[in-house]
Structure formats: C-alpha cells, structure tokens
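Enquirer: coords below, sequence missing:
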C-alpha cells in the first residue's frame, strides 16, 4: 500500500501565497511529504531556490506554474504546468508580460479601494505597506490582509465583499490553447486545475475536457479541494478514458484563518506519489 504523499499545488510569496519558497519546503517536510510543486500564478521565480533547498533536505521539488486561461465562455480557467524548464526564454518572456500586467492591475485595485475608503472618511492604504506584507508579488489576498490590519474589516470574506469585488479590475487571460503550447514548448506537461471550480455539471466538464484533449491537454488535477470522494473517482475515470495523467494538490496559500493545510487541503485528501510518477512518465514520452 502506497504511503508516500505529495502536494503538487502550492503557492508562495512569488505570487499570492503567504510563505516564501524556503518556508514551504520546511512546512512540506514537517507535514511528512515526499514531493511538492510550487505552482505560483504566472510566476516561476520560486522554483530554483525551492529545488536547491529541497535537494539538501531530501524533498523532491517539481517545477510548477499556474496560468489563468480562457476558452470561449470559460474565464479564469486555471492550467497547471509541470516539469518544464524554468529558464526557458520564451516562457519567461510571456510570464514577464503577465507579471507587468498583474502589477499594474493591483496598483489600480489599491487606488480604487483607497477612493472607496476616502468616501467613507477612512485613511488610505499605503501601497508600499501592502508590498511589504506580500513579501513579493502583490495579490488581492494581500490587499485584504492590509484591510484587516487597518481594522477596516474583520476577515477576508468581508474584505472581498466590501472592497475587493466592487473595486476589482478585470484580469488578463492566456487563451488556453496558447497556454498549453507554452507549457509544452518549454518541456512540460499541461494539467487542468481543480475542475469542479470550472463547472459542476459533469456533462459540460466532460465536453470541455474532450475539447482540451484535442488541444493537447496532458492531465487532470483529480485530487483537489472542490472534489469529494465521489467526484475524485469520477475524475479518475474521466482521465483514464482519455489517457490523461492524474495529479493533485491542496492549493495552499497560507492565508491567515484558512482551513486549507499543506499536504491535505481541507478534506484531508491524500495525494499519492504515483502522481509524480505519472508526470515523469509523460515527460519521458514527450522527449522521445
């Protein structure tokens, strides 16, 4: 019986996580994990340092990234990439453009939040203070953290409902076919992240997966926070029917007050090491 566990969907301060890549390696070891992947949003900056420390400490660290994509009516559909070359120049050029857009978007969101705060007679947020809280790339959760620290909201839910949703600036998305191609051209495999968050209609999800397989999709994240045991079994069956690899992860960000734990999510999921084996097997086939 397999006992080695992994977590292939973790976020660091290089995107919108609360812990550095080094801290995540330590947390993964404390959780008894054998392998992880730091799959930051549109960012690969944390991979090298995590892999170096992981090699020293006996933790396997796979190259990972999470891209925000769009396909017809499906907006903000997330695609995970694994096993690619983090130094690939084409990949880095594309991601740099996204990071520049993300930075501008977050500055605009802070400006809008401050306009709303001014209308309420409250002092504005200091963008530099938000950046210090983030410790890297600013994301909306960091703005929520600043709102909590200022005493303007009690929790993240209130921060989003009162400020971040009304003050939002639309995101930019990769067309999913371009995202799949980007990951594969840099040597990796492309995996559909947390499918239940795209749609819970199984008929529609299966139709979408068939379309994505036609575009080159390599796998499905079957172990995820949106899936119960029945959903996971169905997703495994769907993946096998279309000869896709299966992966899984907690989508851990480390948000204060979150009940999502590294290595287990919030449903005590256990992601088996064979998911890493499947990724490696798919990578070897791609190199033939």
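Expert: Perfect, thanks for sending it. Note that the structure is predicted; figures quoted are calculated from it, not measured.
Enquirer: where do the strands sit along the protein?
Expert: Along the chain, the stretches classed as strands by DSSP state E are 5-10, 35-38, 60-71, 74-82, 174-175, 189-192, 219-223, 245-248, 271-272.
Enquirer: out of these, nearest to residue 288?
Expert: strand 189-192 (13.8 Å; C-beta to C-beta). In this view, the C-beta of every residue, glycine as well, is placed from N, C-alpha and C.
Enquirer: Could you pull up the mean pLDDT of the closest one?
Expert: Average pLDDT, strand 189-192: 98.
Enquirer: Quick one: list the elements packing against it.
Expert: strand 74-82, helix 176-185, strand 219-223, strand 245-248, helix 274-287 (3 or more C-beta pairs under 8 Å, 6 or more residues apart in numbering; DSSP states H and E).
Enquirer: mind putting the strands of the chain in JSON lines, mean neighbour count and distance to residue 198 included?
Expert: Output for the strands of the chain, formatted as JSON lines (neighbours: other C-beta atoms under 10 Å; distance: least, C-beta to C-beta, whole Å):
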{"stretch": "strand 5-10", "mean neighbour count": "27", "distance to residue 198": "15"}
{"stretch": "strand 35-38", "mean neighbour count": "28", "distance to residue 198": "20"}
{"stretch": "strand 60-71", "mean neighbour count": "23", "distance to residue 198": "10"}
{"stretch": "strand 74-82", "mean neighbour count": "21", "distance to residue 198": "5"}
{"stretch": "strand 174-175", "mean neighbour count": "17", "distance to residue 198": "15"}
{"stretch": "strand 189-192", "mean neighbour count": "28", "distance to residue 198": "8"}
{"stretch": "strand 219-223", "mean neighbour count": "26", "distance to residue 198": "11"}
{"stretch": "strand 245-248", "mean neighbour count": "25", "distance to residue 198": "16"}
{"stretch": "strand 271-272", "mean neighbour count": "22", "distance to residue 198": "20"}
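Enquirer: can you put those in JSON lines and add distance to residue 51?
Expert: Formatted as JSON lines, the strands of the chain follow (distance: least, C-beta to C-beta, whole Å):
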{"stretch": "strand 5-10", "distance to residue 51": "13"}
{"stretch": "strand 35-38", "distance to residue 51": "9"}
{"stretch": "strand 60-71", "distance to residue 51": "4"}
{"stretch": "strand 74-82", "distance to residue 51": "13"}
{"stretch": "strand 174-175", "distance to residue 51": "25"}
{"stretch": "strand 189-192", "distance to residue 51": "17"}
{"stretch": "strand 219-223", "distance to residue 51": "21"}
{"stretch": "strand 245-248", "distance to residue 51": "18"}
{"stretch": "strand 271-272", "distance to residue 51": "19"}
